[in-house]
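> Sequence and predicted structure are below.
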Amino acid sequence: MALDYDSHPAELVEGGTVQGRKKVITVGDLRRAIPPYCFKLSYTTALFYLIRDIFICYALGWVAWSYIPRIRYEGRFEFEFTRYAAWLLYGYMQGLVFTGIWVQGHESGHGVFSPSPILNDSIGFICHSALLTPYFAWQSTHRRHHIYANNLAKDHNYVPPKKEEYAECLNLRPGSLESIHELVEDAPIVVFFRIVMQQLLGWPTYLISNITASEGSLYRPQSKALLGNSHYLPSSTLFRPEEAHLILASDFGLAVMVGALCLAGQYMGFQAVALLYIQPFLWCNHWIVAITFLHHTHPKLPKYDPEAWTFMRGALATVDRNLGWVGKHLLHNIVDYHVIHHLFPRIPQYHAEEATKAIIPLLGNAYHSEKDHSFWYGLWESFTKCQWIKPDGKEDEKERAYWFEGGPCLPPEITMKNRRWL
């Protein structure tokens with residue numbers, strides 16, 4: 001089920017600057033600019049990163065379990081503060097390692113962990129099941145996200161509302177649409193709690209109900225049944241009938257992991273499972289949501305209706321972020337070099353940097369990168385300045401793009417479009 005760029009025609013992107021001249025750039029131009037070795041898959045390199053991640057994960061858990069006390073000492077506030085701080089630090093660091101392992105499953109889902117499809121799916125199934133992600137179900141919808149990235153009718157991730165829908169969700173009358181720019185933004189504390197809610201609950205809610213996706217991302221009309229639009233039901237509207245056995249396999253992997261956690265809780269106690277697994281697991285959920293959200297949500301990124309959308313336009317409406325050492329060594333370049341991943345999903349993460357540097361001269365200002373601000377600032381900026389989208393005014397619908405606008409946060413979304421709101 002891996003996505004290969006060759007499945008797309010050599011579509012065009014305008015706006016790439018080459019030696020000061022405007023030029024039309026094709027997929028073939030970009031591929032020829034990339035060193036051929038960037039497309040080569042290596043068993044040894046991939047297994048090295050995976051084994052390294054597993055070793056770090058085990059080492060962090062062993063050190064925390066062996067040296068951080070788990071019992072409370074009455075009357076020793078300083079010691080209690082240190083104990084809590086140590087466990088919180090462990091959760092944060094282990095959460096990054098968990099996310100790196102999840103990214104290894106992501107690589108496997110694209111078929112670029114190794115040259116072997118069987119090994120790819122085996123590694124992806126194990127990594128994602130261990131982190132309570134339904135591997136084959138996610139692989140199916142994530143593949144379609146890559147095919148239709150930033151297509152307002154068919155994308156699976158963070159499809160924003162247009163002006164009318166945004167106003168409706170805020171209970172504004174049709175006559176109030178023109179004054180939508182005058183709406184007062186939320187207080188910072190409200191924005192903060194909405195961000196926390198998104199980061200804490202966004203990933204499981206997406207898996208359960210496919211929120212943030214467009215209705216056109218489904219194979220059948222939306223279902224009102226429980227889990228009818230979810231990643232867990234073989235008959236979900238997300239999947240073709242022939243994928244049912246893969247969805248059942250994903251569910252089996254999750255069931256085995258939940259059973260293992262229950263056994264660990266009986267043997268070691270719930271506190272141990274909460275400290276060693278659940279805490280970093282929540283951080284991993286946060287990173288999955290934050291990374292995906294920030295790659296496709298930025299004031300300078302467009303969205304497109306189907307009439308104007310092309311694969312190249314959609315792939316280039318993505319921004320590379322900056323996480324420095326953590327992004328390079330723990331998160332396997334998925335944050336810092338994501339544009340290349342949308343253009344050529346068959347390039348493994350350990351060649352993403354070289355491939356990106358090779359195409360930047362061709363793309364010019366068609367390449368988006370946010371290296372000047374921190375990742376955390378980007379989360380706040382995107383959440384406050386990217387609430388809805390408006391068209392750029394071009395009469396030709398084949399050239400029209402939509403751009404983000406700021407405003408009050410919408411109520412928390414609990415199902416996909418057509419939306420229901422809390």
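That came through fine. Numbers count the residues shown, from 1 in each chain.
> Just the endpoints, please. Distance across stretch 261-280?
The first and last residues of stretch 261-280 sit 14 Å apart, counting by C-alpha to C-alpha, to the nearest Å.
> Can you give the contact residues for that stretch?
Contact with stretch 261-280 is made by 61, 64-65, 70, 87-88, 90-95, 97-98, as judged by C-beta atoms under 8 Å, 6 or more residues apart in numbering. For glycine as for every other residue, the C-beta is placed from the backbone atoms N, C-alpha and C.
> What is the nearest of these to residue 287?
The closest of the contacts of stretch 261-280 to residue 287 turns out to be residue 95 (C-beta to C-beta; 6.8 Å).
> Distance check, the nearest residue to that closest one once chain neighbours are set aside against residue 186.
Leaving aside its sequence neighbours, residue 95 sits nearest to residue 283 (C-beta to C-beta, 6 or more residues apart in numbering; 2.4 Å). Distance of residue 283 to residue 186, computed by C-beta to C-beta, to the nearest Å: 25 Å.
> Check residue 40 too.
49 Å.
> Same check on residue 385?
According to C-beta to C-beta, residue 385 stands 12 Å off from residue 186.
> Now do residue 187: how many residues are near it, please.
Per other C-beta atoms under 10 Å, the neighbour tally for residue 187 reads 9.
> Looking at it now. What's its pLDDT?
In this model, residue 187 is scored at 84, pLDDT.
> ok, back up a step: correct me, but the residue nearest to residue 95 touches residue 96?
Yes. Contact criterion C-beta atoms under 8 Å: residue 283 and residue 96 qualify, at 7.2 Å.
> any residues in contact with both of these two?
Among the neighbours of residue 283, none is also in contact with residue 96 (C-beta under 8 Å, 6+ apart).
> Between residue 40 and residue 186, point out the one with more neighbours.
Neighbours were counted for residue 40 and for residue 186 using other C-beta under 10 Å; residue 186 has more, 17 against 12.
> wait, what's in contact with that one?
Neighbouring residues of residue 186 by C-beta under 8 Å, 6+ apart: 194, 408, 409.
> in the helix ranked longest in the chain, what counts as buried?
Criterion DSSP state H: the longest helix present in the chain is helix 77-109. Residues of helix 77-109 classed as buried by neighbour count (16 or more other C-beta atoms under 10 Å): 83, 87, 90-91, 93-109.
> since we're on the residue nearest to residue 95, how many residues are nearby?
Residue 283 has 19 neighbours, counted by other C-beta under 10 Å.
> Residue 266: which element?
Using DSSP states H and E, residue 266 sits in helix 244-268.
> ok now the helix or strand that that helix is followed by, how far from the chain's centre?
The C-terminal neighbour of helix 244-268 among helices and strands, as given by DSSP H and E, is helix 270-273. How far helix 270-273 lies from its chain's middle: 28 Å, per C-alpha atoms, centre = their mean, to the nearest Å.
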